[in-house]
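Undergrad: any chance you can model this:
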Amino acid sequence: MVEKYTVRIMVLDDESFMLKLLGHMLANLGFTQVTSCDSGRAALALFDSPNNPPDLILMDLNMPEMDGIEFVRHLVERLYTGSLILISGEDERTLQATVKLVRAHKISVLGHLQKPFALEALSALLEKWTHSSLGSPRAAKKVYGADEVRAAIDNGELVNYYQPKVAVATGELVGVETLVRWRHPQDGMVFPDQFIGVAEAHGLIDDLTRVVLIGALAQAKVWQDAGLALRVAVNVSMDNLASLDFPDFVAGLAAKAGVPPQAVVLEVTESQLMRDLRAPLEILTRLRLKCFRLSIDDFGTGHSSLVQLRDIPFDELKIDQSFVHGAWTDETLRAMYDASLGLARQLGMEVVAEGVEDRNDWNLLLRTGCDLAQGYFIARPMPAADLPGWMEAWQERVRSEFAAKD
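TA: I've put the predicted structure just below:
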């Protein structure tokens, strides 16, 4: 619960009626330190005064002289570390686009409300607030250099975690995605967004992928010998697909580990536009001929698109989490989700929905007949040793929670 009396709130709207209404609503919710401004210029003047900046700004978008998006740009220039709630009469897609823009500027957005709205809706957004969001600067992620990443690879500091993929219709565990972590001797567990880009930029991605593949295949063999037939997915960067011997390299590792290629899924992520399709197309087609499964990852984002579906023989399509979580209540996301699902079905591909975070997401997949699900509602990535315990708990959840289909 927020300690309401310590929170400084600014309300920014060009309509005097809305300023009074929001002031009354906030007072009813226990927030007393509220400043009202009828223009962006007036609000910025307060920022430039010696007074402390607000912890939270409730802001309209469509205002004369300076609109809300322009105001946000000025907040960025002033290194604003508080949060925003957007309150506007604009349509849902415009509000969502603005939320994405504000978050791209690294400013926290608690949510958005369309006028008119109920007191309960505003209260729900304010209740989401935590102490950590009250004006405390966000710690910047540590930046690692190429030498540090190279040492991590050489010193065996990279470890594989595994996130389950389950069949939506039955709840059965079908496979896992391999997600690499860096067990840093000083910094603890470092996530891939802090070192994969460094590896790609400095020619280390082949060595990194080799380590991940060897570990994943060894683990797949352990599960196989224990009678657990799982597909093990490994992420492959387009940068891995510059060398024409990559298919033989992967096939050799699988054969050495004693894992059939049908049990290996290569999830292809494209972080940069392919200048020359010939090498990747040859490599991926040869991998398919060798019976490895190919998955197009993060479909609909970046460069993962219809062109890749047209040109490369993928078996599996992964709908990006940004189109899955909340699609049950968001018309735009639902349209993207339905289009991706329908396209994959027409092409005879298996579909994995990423970002399944709650029961509502799961129910949408169930209603629409999606094949596989992956996300925090099912399980977070875990060490291989934790998988048996998770399986037991998951099977109990399937029996108790999902026995009666919605």
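
Undergrad: secondary structure class of Lys20, three-state.
TA: helix (DSSP: H, G, I helix; E, B strand; the rest coil).

Undergrad: count of residues packed around it?
TA: When neighbours are counted by other C-beta atoms under 10 Å, Lys20 registers 13. No exception for glycine: its C-beta is placed from N, CA and C like everyone else's.

Undergrad: dump the residue contacts of the residue lying closest to Gly355 once chain neighbours are set aside.
TA: Leaving aside its chain neighbours, Gly355 sits nearest to Gln321 (2.3 Å; criterion: C-beta to C-beta, 6 or more residues apart in numbering). Applying C-beta atoms under 8 Å, 6 or more residues apart in numbering, we find Gln321 in contact with 354-355, 375.

Undergrad: quick one: the helices in the stretch 151-300 of the chain?
TA: Remark: helices assigned in the stretch 151-300 of the chain by DSSP state H, counting those that start in this stretch are 196-201, 205-225, 246-257, 278-289.

Undergrad: counting by contacts, list what the first one packs against.
TA: The reference is to helix 196-201. Packing partners of helix 196-201 (3 or more C-beta pairs under 8 Å, 6 or more residues apart in numbering; DSSP states H and E): helix 146-154, helix 205-225.

Undergrad: rerun that using 10 Å as the cut-off
TA: When contacts are defined as 3 or more C-beta pairs under 10 Å, 6 or more residues apart in numbering; DSSP states H and E, helix 196-201 sits against helix 146-154, strand 173-184, helix 205-225, strand 231-237.

Undergrad: given the last one, what are its sheet partners and their directions?
TA: It stands for strand 231-237. Next to strand 231-237 in the sheet, as set by DSSP bridges, lie strand 173-184 (parallel), strand 264-269 (parallel).

Undergrad: most tightly packed of the helices and strands packed on helix 196-201?
TA: For those, the largest average neighbour count (mean count of other C-beta atoms under 10 Å) is found in strand 231-237, namely a mean of 22.

Undergrad: just the CA trace of that one, in PDB.
TA: C-alpha atoms of strand 231-237 as PDB (Å, rounded to 0.1, in the frame of the first residue of the first chain):
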ATOM      1  CA  ARG A 231      12.300 -31.400 -27.500                       C
ATOM      2  CA  VAL A 232      15.200 -29.100 -26.400                       C
ATOM      3  CA  ALA A 233      15.200 -25.700 -28.100                       C
ATOM      4  CA  VAL A 234      18.400 -23.600 -28.500                       C
ATOM      5  CA  ASN A 235      18.500 -20.000 -29.800                       C
ATOM      6  CA  VAL A 236      20.500 -19.500 -32.900                       C
ATOM      7  CA  SER A 237      21.500 -16.000 -34.000                       C
END
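
Undergrad: show me where the stretch 301-406 of the chain has its helices.
TA: 306-311, 331-346, 359-368, 387-401.

Undergrad: report the buried residues of the second one.
TA: Think helix 331-346. 333-334, 336-337, 340-341, 343-344 (16 or more other C-beta atoms under 10 Å).

Undergrad: try the third one
TA: Judged by neighbour count using 16+ other C-beta under 10 Å, the buried positions of helix 359-368 are 361-362, 364-365, 368.

Undergrad: need those in JSON lines with pLDDT and distance to Lys128, can you?
TA: Below are these laid out as JSON lines (pLDDT from 0 to 100; distance: C-beta to C-beta, whole Å):
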{"residue": "Asp361", "pLDDT": "97", "distance to Lys128": "18"}
{"residue": "Trp362", "pLDDT": "97", "distance to Lys128": "22"}
{"residue": "Leu364", "pLDDT": "98", "distance to Lys128": "22"}
{"residue": "Leu365", "pLDDT": "98", "distance to Lys128": "25"}
{"residue": "Thr368", "pLDDT": "97", "distance to Lys128": "28"}
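
Undergrad: which strands and helices sit next to the helix or strand bottoming out on mean pLDDT in the chain?
TA: Least confident helix or strand, the chain: helix 306-311 with a mean of 82, by mean pLDDT, DSSP states H and E. When contacts are defined as 3+ C-beta pairs under 10 Å, 6+ apart, helix 306-311 packs onto helix 278-289, strand 293-299, helix 331-346.

Undergrad: I'd like to know which of the ones you listed is closest to Gln194.
TA: Nearest to Gln194 among those is strand 293-299 (18.3 Å), distances taken as C-beta to C-beta.

Undergrad: that closest one: partners in the sheet, and parallel or antiparallel?
TA: Paired neighbours of strand 293-299 in the sheet (DSSP bridges): strand 264-269 (parallel), strand 316-319 (parallel).

Undergrad: pick the most deeply packed of the ones you listed.
TA: Buried most deeply of these, by mean count of other C-beta under 10 Å, is strand 316-319, with a mean of 26.

Undergrad: and the average pLDDT for that one is what?
TA: Mean pLDDT, computed over strand 316-319, is 95.

Undergrad: run the chain-centre distance for it.
TA: 15 Å (C-alpha atoms, centre = their mean, to the nearest Å).

Undergrad: dump it to CSV, restricted to CA.
TA: Coordinates of each C-alpha in strand 316-319 appear next as CSV, following Å, rounded to 0.1, in the frame of the first residue of the first chain:
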residue,chain,number,x,y,z
GLU,A,316,7.3,-23.8,-35.7
LEU,A,317,6.2,-20.2,-35.2
LYS,A,318,6.6,-18.5,-31.9
ILE,A,319,4.1,-15.7,-31.3
